[in-house]
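Engineer: based on what follows, work out the 3D shape:
(one chain, ligands or ions: 1)
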Amino acid sequence: MSTQTTAASASRPYDIVVYGATGFTGKLTAEYLVTIDGAEQLKLAIAGRNAHKLQACKQDLLAKNSNAKVETLQADSDDYTSLVNMAAQAKVVITTVGPYLKYGEPLVRACVEAGTHYVDLTGEPEFVEGLEHEFHDQAAEKKIKIINCCGFDSIPHDLGALYTVQQLNELVGPERAGKVPMKVEGFIEAQGSFSGGTWHSAITQFSRLKEYRNKRKEWHKSKTTKPTDRRRSRVMSPKVFWVNAYSAWACPFPSIDPQVVKRTAATCREFGPDFIYGHYVLVKKLPNLIGGVAGAGGVVLLSQFKYSRNKLLAIKDPGQGPSESQRAKSWFKVHFVGEADGLHVWTEVAGGDPGYGETAKMLAESALCLAQDSNLPEVYGVTTPGAGMGTALIERLNHAGITFRTL
Ligand SMILES: NC(=O)c1ccc[n+]([C@@H]2O[C@H](COP(=O)([O-])OP(=O)(O)OC[C@H]3O[C@@H](n4cnc5c(N)ncnc54)[C@H](OP(=O)(O)O)[C@@H]3O)[C@@H](O)[C@H]2O)c1
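Structural biologist: You can find the predicted model right below:
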């Protein structure tokens, strides 16, 4: 188990900097941090490119808690020096500045240079794989954690799979724990809406499928070492099937989540020597399933051409997001079924508004975990929430109202 901060970062002016605090999700994240128990002791800064917007945001935050300590820092993704200056003042940088493929890489470079832990909300696979390729070794050498996907993509799924594996290990007993092949399937049920920032990030990733494929080939060719020992982690081949227990169709969900679970499983011994994961969204009616698949396919297709892509991007502007009342009606549940040695467990991760309310909570708790917790796994570099924070983050989220339970 590690202590949370690198020696270099222990005496920095801020525990956490929220970069992108003037945006929709960044502001919700900063609001969460100024209203938690102990907010008055947290040394917090909000950062962004626009000084006026930052001041207005600071006033809004102080209106929520006048005793909170909130400073402002100006930083722009096009100005690398400003990013290093920001990163050097924090133990942990949170960033909600997306699309990450467009703006994200210089900040990660700056955090690695400054020896600062980093968490983000990306769901863009090309961005994450590029970071692993470019920065993993340097970040691991400096003992810092660069942790992507700390929102609904992919915390409930990644930590839910880890939690399920922990229950399986208890079931098979201490002699067999971590030594047997395991299978986990995750089934998502959710209701919610999405913001302009999320829409723009998704379209950006969809528009780059060809470039992503070509880059992957290059990355795979130039990989000189395998990241793990003989452990195998795999994702199930896609198929649609009816699940009696949920009275719904299970449709493979091609998000970044299965890749994140697979990376956690490849890093953590408790997943055993051979781990396989399946990731599905539950849909009650077949016409809805067919309509959903056709709609998603249409968006991916239209994202390939500049004219239709611009039309799609114009549907939602960055900075917009679901209203408070829409968010209050939103919820999620992820059901997990785990199997090892012929034994089964059923678990569940559940919470409120997946996209924003709970995402802001997950992101903020991830940063608090890195800034404050002393029981984190000795896993460094470009890594996943499950591998880099593990049980410490499950405990934090349970305490914060996102429930992990065995049925
Ligand atoms: N995976 C998940 O579960 C999940 C959930 C929610 C959001 N997200 C992701 O989080 C990201 C943010 O979403 P959002 O809806 O909050 O977006 P948003 O409202 O558009 O906010 C974007 C933020 O980035 C800032 N920004 C843009 N360009 C910048 C630059 N060059 N330098 C510095 N700051 C810059 C904006 O600053 P200004 O105010 O100055 O414009 C704003 O603060 C998106 O990539 C989205 O996909 C993921």
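
Engineer: so where do the strands sit in the stretch 1-150 of the chain?
Structural biologist: For the stretch 1-150 of the chain, strands defined by DSSP state E, counting those that start in this stretch occupy the ranges 14-19, 43-48, 69-74, 90-95, 117-120, 145-147.

Engineer: can you list the neighbours in contact with the third one?
Structural biologist: Outside strand 69-74, the residues within contact range by C-beta atoms under 8 Å, 6 or more residues apart in numbering are 13-14, 17, 30, 34, 40, 42-49, 51, 54-55, 58, 61-62, 82, 85-86, 89. Every residue, glycine included, has its C-beta placed from N, CA and C.

Engineer: at 10 Å instead, please
Structural biologist: For strand 69-74, the external contacting residues (C-beta atoms under 10 Å, 6 or more residues apart in numbering) are 13-15, 17-19, 21, 30, 33-34, 39-51, 53-55, 57-62, 64, 82, 85-86, 89-90.

Engineer: separate out the buried members of the residues you listed.
Structural biologist: Members of the contacts of strand 69-74 that pass the buried threshold by neighbour count (16 or more other C-beta atoms under 10 Å) are listed as 14-15, 17-19, 21, 30, 33-34, 39, 42-49, 53-54, 57-58, 61, 82, 85-86, 89-90.

Engineer: if we look at the ligand, which of the residues you listed are close to it?
Structural biologist: Among the buried ones among the contacts of strand 69-74, the residues within reach of the ligand (C-beta under 6 Å from any ligand atom) are 48-49, 53.

Engineer: from these, pick the one nearest the ligand.
Structural biologist: Distance to the ligand, by C-beta to the nearest ligand atom, is smallest for residue 49 among those, at 3.9 Å.

Engineer: interface residues of the stretch 51-200 of the chain facing the ligand?
Structural biologist: 53, 76-78, 96-100, 103, 121, 123, 151-153, 195-198.

Engineer: are any of those buried, and if so which?
Structural biologist: Burial by neighbour count, judged by 16+ other C-beta under 10 Å, picks out 53, 76-77, 96-100, 103, 121, 123, 151-153, 195-198 from those.

Engineer: any chance of the strands of the stretch 1-150 of the chain in TSV, plus mean pLDDT?
Structural biologist: Below are those laid out as TSV (pLDDT from 0 to 100):
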stretch	mean pLDDT
strand 14-19	98
strand 43-48	98
strand 69-74	97
strand 90-95	98
strand 117-120	98
strand 145-147	98
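
Engineer: which of the ones you listed sits closest to residue 203?
Structural biologist: Put simply, out of the strands of the stretch 1-150 of the chain the one that sits nearest residue 203 is strand 117-120, at 18.4 Å, with distance taken as C-beta to C-beta.

Engineer: that closest one packs against which elements?
Structural biologist: If contacts are counted by 3 or more C-beta pairs under 10 Å, 6 or more residues apart in numbering; DSSP states H and E, strand 117-120 sits against strand 14-19, strand 90-95, helix 105-114, helix 125-141, strand 145-147, helix 357-372, helix 385-388.

Engineer: strands paired with the first one, and their directions?
Structural biologist: The pairing partners recorded for strand 14-19 under DSSP bridges are strand 43-48 (parallel), strand 90-95 (parallel).

Engineer: now these in CSV, with distance to residue 321?
Structural biologist: As requested, the strands paired with strand 14-19 are arranged in CSV below (distance: least, C-beta to C-beta, whole Å):
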stretch, distance to residue 321
strand 43-48, 16
strand 90-95, 17
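
Engineer: ok, which of these comes nearest residue 353?
Structural biologist: Using C-beta to C-beta as the criterion, the shortest distance between residue 353 and the strands paired with strand 14-19 is 18.5 Å, found for strand 90-95.

Engineer: quick one, that closest one and strand 69-74 angle?
Structural biologist: With axes from the mean of the first three to the mean of the last three C-alpha atoms, to 10 degrees as the criterion, the two stretches strand 90-95 and strand 69-74 enclose an angle of 70 degrees.

Engineer: report the angle between strand 90-95 and helix 105-114.
Structural biologist: An angle of 170 degrees separates the directions of strand 90-95 and helix 105-114 when computed by the same axes, to 10 degrees.

Engineer: point out where the stretch 301-407 of the chain drops to low pLDDT.
Structural biologist: Of all residues in the stretch 301-407 of the chain, none has pLDDT under 70.

Engineer: now the helices: where do they sit in it?
Structural biologist: 306-313, 324-328, 357-372, 385-388, 390-399 (DSSP state H, counting those that start in this stretch).

Engineer: out of those, which is closest to residue 107?
Structural biologist: Taking C-beta to C-beta as the measure, the helices of the stretch 301-407 of the chain were each checked against residue 107, and helix 357-372 came out nearest at 14.1 Å.

Engineer: dump the residue contacts of residue 105.
Structural biologist: Applying C-beta under 10 Å, 6+ apart, the residues contacting residue 105 are 77, 127, 130-131, 134-135.

Engineer: now rank the residues you listed by neighbours and give me the top one.
Structural biologist: Neighbour counts for those, by other C-beta atoms under 10 Å, peak at residue 127, which reaches 27 neighbours.

Engineer: look at residue 285 and say how many residues are nearby.
Structural biologist: 10.

Engineer: oops, could you answer that again for residue 372 instead?
Structural biologist: Count around residue 372 with other C-beta under 10 Å applied: 18.

Engineer: again, but for residue 317
Structural biologist: Neighbours of residue 317 under the rule other C-beta under 10 Å: 12.

Engineer: that one is in contact with residue 200, isn't it?
Structural biologist: Yes - between residue 317 and residue 200 there is a contact at 8.6 Å, judged by C-beta atoms under 10 Å.

Engineer: tell me the pLDDT at residue 35?
Structural biologist: Turning to residue 35, the model gives it a pLDDT of 97.

Engineer: what of residue 209?
Structural biologist: Here, the pLDDT recorded for residue 209 equals 89.

Engineer: and residue 179, by the same measure?
Structural biologist: At residue 179, the pLDDT value in this model is 94.

Engineer: that one reaches residue 168, doesn't it?
Structural biologist: No - between residue 179 and residue 168 there is no contact, the gap being 11.5 Å when judged by C-beta under 10 Å.

Engineer: just want to know which of those two has more residues nearby.
Structural biologist: For residue 179 against residue 168, the residue with the higher neighbour count under other C-beta under 10 Å is residue 168, and the figures read 27 against 13.

Engineer: great, nothing more from me.
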